[in-house]
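# Okay, sequence plus prediction incoming.
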Amino acid sequence: MCTPPTRRPTNHSLTRASRTYRHPAALTGGFELYRAFDKDVRDTTAAPPRHLPNLLMTAQVNSTKEPLTMHRYDVTVTTKASPDIVWKLLVDAASWPLWSKVDSLDTARSTDLDPGGDDGVGAIRAFRTGRTVTGERLTEKVEHRLLAYEDAYNPSMRNYHARIELEPTPGSGTVIRWYGEYETSLLLRWIMPRYLQKFMRGMAEGLARYAEEHTPTP
């Protein structure tokens with residue numbers, strides 16, 4: 001059988017795709033489609049055996065073993081707020097909807113949250129953004145310096161690891177560096193890196209701004 005040549009995307013097509021999908025609302029339908037892939041795999045595994053042509057079976061197995069691609073984001077912002085103020089917001093999952101791009105904290109799907117707003121290592125914080133709920137498990141915590149987490153469940157990414165580092169400035173402010181790496185499917189590799197870099201910058205800027213606005217007046 002003759003294999004058709006692979007068509008690589010042109011600069012024009014990439015620019016057009018980036019312009020079309022640069023707004024988060026434009027991505028909803030696509031993410032809903034990709035989110036259904038894992039369910040398709042589970043349904044297929046649970047279904048009773050069926051006698052199907054070999055060509056169809058081969059195509060199905062290949063689609064479920066699609067290779068993942070590693071990506072990274074790295075954002076740094078500076079705030080006039082002290083590391084203590086910034087830290088208290090980071091470790092209190094209930095505060096995240098107040099300053100970040102997430103809509104709400106899903107307490108029903110979260111585990112081991114601290115009632116006093118000081119979540120510890122091992123806690124899973126579930127955040128809802130639109131119709132999507134993602135879970136993040138805290139993996140490392142250094143008071144007023146570092147908060148690290150990984151994906152507990154995320155429909156769009158795998159092997160997600162992120163770190164938030166705080167560095168005091170000479171003027172009693174804070175440098176916030178928020179960075180991470182993750183794997184995503186080949187279908188999402190053209191969209192996710194630019195989208196997530198912008199999304200996480202908005203997260204860091206929201207944290208910096210809210211911390212400043214809620215710094216007690218001397």
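That came in fine, so what should we check first?

# helix or strand right after the worst-scoring helix or strand of the chain on mean pLDDT?
When the helices and strands of the chain are compared on mean pLDDT, DSSP states H and E, helix 54-64 comes out lowest with a mean of 37. Sequence order places strand 68-79 as the next helix or strand after helix 54-64, per DSSP states H and E.

# what lines up beside that following strand in the sheet?
Its sheet considered, strand 68-79 pairs with strand 174-185 (antiparallel) by DSSP bridges.

# quick check: angle from the helix or strand just after the partner strand to strand 174-185?
Using DSSP H and E, the helix or strand that follows strand 174-185 in sequence is helix 192-213. In terms of direction (axes from the mean of the first three to the mean of the last three Cα atoms, to 10 degrees), helix 192-213 departs from strand 174-185 by 160 degrees.

# elements contacting helix 192-213?
Using 3 or more Cβ pairs under 8 Å, 6 or more residues apart in numbering; DSSP states H and E, the elements in contact with helix 192-213 are strand 68-79, helix 83-91, helix 96-99, strand 174-185. (Each C-beta comes from the backbone N, C-alpha and C, glycine too.)

# Of all those, which one is nearest Leu196?
Closest to Leu196 of the helices and strands packed on helix 192-213 is strand 68-79 (Cβ to Cβ; 5.3 Å).

# what comes up buried for the closest one?
Judged by neighbour count using 16 or more other Cβ atoms under 10 Å, the buried positions of strand 68-79 are 69, 71, 73, 75, 77, 79.

# neighbouring contacts of it?
Outside strand 68-79, the residues within contact range by Cβ atoms under 8 Å, 6 or more residues apart in numbering are 86, 158-159, 169, 173-186, 189, 192-193, 196-197, 200-201, 203-205, 207-209, 211-212.

# and with 6 Å instead?
158, 173-183, 189, 193, 196-197, 200-201, 204-205, 208, 211-212 (Cβ atoms under 6 Å, 6 or more residues apart in numbering).

# and the angle from that strand to helix 83-91?
Counting by the same axes, to 10 degrees, strand 68-79 lies at 140 degrees to helix 83-91.

# Could you pull up the mean pLDDT of strand 68-79?
Mean pLDDT, strand 68-79: 91.

# Mind exporting the C-alpha coordinates of it to CSV?
The C-alpha coordinates for strand 68-79 follow below in CSV (Å, rounded to 0.1, in the frame of the first residue of the first chain):
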residue,chain,number,x,y,z
LEU,A,68,2.9,12.7,24.2
THR,A,69,4.9,15.8,23.8
MET,A,70,6.7,17.7,26.6
HIS,A,71,6.2,21.4,27.0
ARG,A,72,7.2,24.1,29.5
TYR,A,73,6.0,27.5,30.7
ASP,A,74,7.9,30.0,32.9
VAL,A,75,6.5,33.2,34.3
THR,A,76,8.1,35.8,36.5
VAL,A,77,6.4,38.9,38.0
THR,A,78,7.2,41.3,40.9
THR,A,79,4.8,42.6,43.5
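
# neighbours around Leu186, how many?
Counted with other Cβ atoms under 10 Å, the neighbours of Leu186 add up to 10.
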